[in-house]
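A.B. asks: Fold the stuff below for me.
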Amino acid sequence: RKPAMSELKAKKPRMDLGEVTTHNKGALKIINQCCFPVDYSDKFYKDVVNSGEYAKLAYYDDIIVGAVCCRKESVNDVVKLYIMTLGCLAEYRRLGLGSLMVKHVISLAKKDPTITHVYLHVQVNNEDAIEFYKHFGFTITETREKYYKKLDVADAYVLEKKVSEDDSEKEGKDEKSNGGEEKKGE
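C.D. replies: As a prediction, this is how the structure comes out:
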């Protein structure tokens, strides 16, 4: 017996995060090429493979459909976690995968007492991404003119979230808000 469409829709999909390795970094590269209007260097992918929990692939029923890559940065004794990329293939957006990835990043930041903020850059015209991050308590802290060198819309907002223990109720009020159109480019 072939299952009816309603039965298939009723089945709850498994969404999970997994490690980025030398064996699957090609999938990460494809995800980034599909999600972002910029190309990342071979060095970026080599560094990501060695970054442990700071880089994750997003799986939807065992299919790689998204990824998040971040790094710790220290400037003038202030340590922040920078989201370099966070994206999901268009067909898998608004299912909760973006929320899963952002929550992972925030959790990493909270586990490290040296990290005070999480931040990222978003193109100023990417309203979906801006709203998505605002659901997690990120705010626009500045505008960087001509941040993207090869894009028509070159300006970027810096979105930042202060890391604290008491903001868990603010994280992801709308679980299925924008699960993928999070960040355009870098």
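
A.B. asks: In this structure, what residue spans correspond to helices?
C.D. replies: 5-10, 25-35, 42-49, 97-111, 127-134 (DSSP state H).

A.B. asks: mind listing what's buried in the third one?
C.D. replies: It stands for helix 42-49. 44, 45, 47, 48, 49 (16 or more other CB atoms under 10 Å). For every residue, glycine as well, the C-beta is placed using N, CA and C.

A.B. asks: Can you say which two of the residues you listed are spatially most distant?
C.D. replies: The distance between the two most remote of those (CB to CB) is 10.0 Å, for 44 and 49.

A.B. asks: follow-up on the earlier one: let's have the helices of the chain in a markdown table, adding mean pLDDT and distance to residue 164.
C.D. replies: Supplementary listing: the helices of the chain in a markdown table, determined by pLDDT from 0 to 100; distance: least, CB to CB, whole Å:
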| stretch | mean pLDDT | distance to residue 164 |
| --- | --- | --- |
| helix 5-10 | 55 | 38 |
| helix 25-35 | 96 | 29 |
| helix 42-49 | 95 | 28 |
| helix 97-111 | 97 | 8 |
| helix 127-134 | 96 | 17 |
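
A.B. asks: Can you tell me which of those helices is most buried?
C.D. replies: helix 97-111 (a mean of 21; mean count of other CB atoms under 10 Å).

A.B. asks: and that helix, C-alpha only, in PDB?
C.D. replies: Extracted in PDB, the C-alpha atoms of helix 97-111 (Å, rounded to 0.1, in the frame of the first residue of the first chain):
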ATOM      1  CA  LEU A  97      16.100  24.800  10.300                       C
ATOM      2  CA  GLY A  98      17.300  28.400  10.500                       C
ATOM      3  CA  SER A  99      16.000  28.600  14.000                       C
ATOM      4  CA  LEU A 100      17.900  25.400  14.900                       C
ATOM      5  CA  MET A 101      21.100  26.800  13.600                       C
ATOM      6  CA  VAL A 102      20.800  30.200  15.300                       C
ATOM      7  CA  LYS A 103      19.900  28.500  18.600                       C
ATOM      8  CA  HIS A 104      23.100  26.400  18.200                       C
ATOM      9  CA  VAL A 105      25.200  29.500  17.800                       C
ATOM     10  CA  ILE A 106      23.600  31.300  20.700                       C
ATOM     11  CA  SER A 107      24.100  28.100  22.800                       C
ATOM     12  CA  LEU A 108      27.800  28.000  21.900                       C
ATOM     13  CA  ALA A 109      28.200  31.600  22.900                       C
ATOM     14  CA  LYS A 110      26.500  31.100  26.200                       C
ATOM     15  CA  LYS A 111      28.700  28.100  27.100                       C
END
